[in-house]
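Colleague: Just a sequence and a predicted model for now, questions to come.
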Amino acid sequence: MVKWYNSLETKLTVSFMVLILLVSMSTFAFTVHEAKTAISDQMKEELFLTAKIMSSQIDGDLLNQINVKEDTENEAFMQVYQKLEDLRGDNTDIITYVYIMRLDKEGNARFIVDANYLEDGIIDVYADQLYEDAPIEDISMGMLEPYVSGEPYTDEWGTFMTGYSPIYDSNGDIAGVLGVDFDIATVKEKQDFLSSLVYYILIGSILAASSVIMYFSRTIIKDLNSITQVARSISNGELNVDLPTIRSKSEIYELNEGMRSVLAVVEFLTDEIDGKSKEGDQ
């Protein structure tokens, strides 16, 4: 009796399972990576277009009238603030913050208008307020043309991906740069959901493939064992045996038919020998 670890069934099943796992793991890693990249690229494209469109709607001449903290509630400030609020509209679940900045002579980023009031109506960020954790390199790029930060960054307000776009006045000079923040948590939720979906699909595929492999491997081994048993019986001189019925037209079927021919020849030769023995006795 063949031990289970030497069984062809075990070897076939384990070999195919290992192959399936390797292929599935590679597929999972590749699919998730590509999906996350696609989601990230889509978000960057949305940021790029959103910042570009919003900046084109801001009056640069009004921005030039806002220079110090005391200008926070003057007419120019309130018009720009209201415009930002209108542009953000009902997209607060996607757009976390919308604001306008400029770089001072020392190269520091300073807010001009930030569309973000506290619940009690107090202004959260004042005009000309220093942006201490500002990604200066990204803002500088956004002063030249629409630009999206390559990687998420973290400041005192959270972790974001940001799109930037320059705002021009009537003379064609840059009056400021608009920033649009997307909360990275929104992107991560989409990526995690997609990763989970791919994971469950692959697990289901592995289970289905494993079931099919185990079924066919067990069927094949069952047929082989039946033929082996017949061969063992013939070798022990037992000719009154029934060959198994093999329905599939496979190599095992051919082997079974070959065994049938062998059995017929053995029976013929046995009858011949018995016949000659009886003639000799007479």
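Modeller: Looks like it arrived, so ask away. Numbers count the residues shown, from 1 in each chain.

Colleague: any idea where the helices of the stretch 51-200 of the chain begin and end?
Modeller: Secondary structure of the stretch 51-200 of the chain, counting by DSSP state H, counting those that start in this stretch: helices at 60-63, 75-88, 136-144, 184-235.

Colleague: So for residue 166, which of these sits nearest?
Modeller: Ranking these by proximity to residue 166 (CB to CB) places helix 136-144 first, at 5.4 Å. In this view, the C-beta of every residue, glycine as well, is placed from N, C-alpha and C.

Colleague: sorry, back to before: quick check: which of the helices of the stretch 51-200 of the chain has the most neighbours on average?
Modeller: Of all these, helix 60-63 has the most neighbours on average by mean count of other CB atoms under 10 Å, namely a mean of 20.

Colleague: And that helix, what does it pack against?
Modeller: helix 75-88, strand 158-168, strand 174-183 (3 or more CB pairs under 8 Å, 6 or more residues apart in numbering; DSSP states H and E).

Colleague: Next, the buried residues of stretch 85-102.
Modeller: Of all the residues in stretch 85-102, those buried under the rule 16 or more other CB atoms under 10 Å are 87, 88, 95, 96, 97, 98, 99, 100, 101, 102.

Colleague: Make a markdown table out of those residues and add distance to residue 223 and pLDDT.
Modeller: Shown next, in a markdown table, are the buried residues of stretch 85-102 (distance: CB to CB, whole Å; pLDDT from 0 to 100):
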| residue | distance to residue 223 | pLDDT |
| --- | --- | --- |
| 87 | 72 | 83 |
| 88 | 70 | 79 |
| 95 | 66 | 80 |
| 96 | 65 | 81 |
| 97 | 69 | 85 |
| 98 | 71 | 88 |
| 99 | 74 | 90 |
| 100 | 77 | 91 |
| 101 | 77 | 90 |
| 102 | 81 | 89 |
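
Colleague: Verify the contact between residue 101 and residue 109 for me.
Modeller: Yes: the pair residue 101 / residue 109 is scored as a contact, 5.0 Å apart, by CB atoms under 8 Å.

Colleague: Next, show the common contact partners of those two.
Modeller: 131, 134, 139 (CB atoms under 8 Å, 6 or more residues apart in numbering).

Colleague: Is there a neighbour count for the second one? I'd like the number.
Modeller: By other CB atoms under 10 Å, the residues close to residue 134 number 18.

Colleague: Isn't it up against residue 99?
Modeller: No: using CB under 8 Å, residue 134 makes no contact with residue 99, being 10.9 Å away.

Colleague: how near is residue 26 to residue 33?
Modeller: Taking CB to CB, to the nearest Å as the measure, residue 26 falls 11 Å from residue 33.
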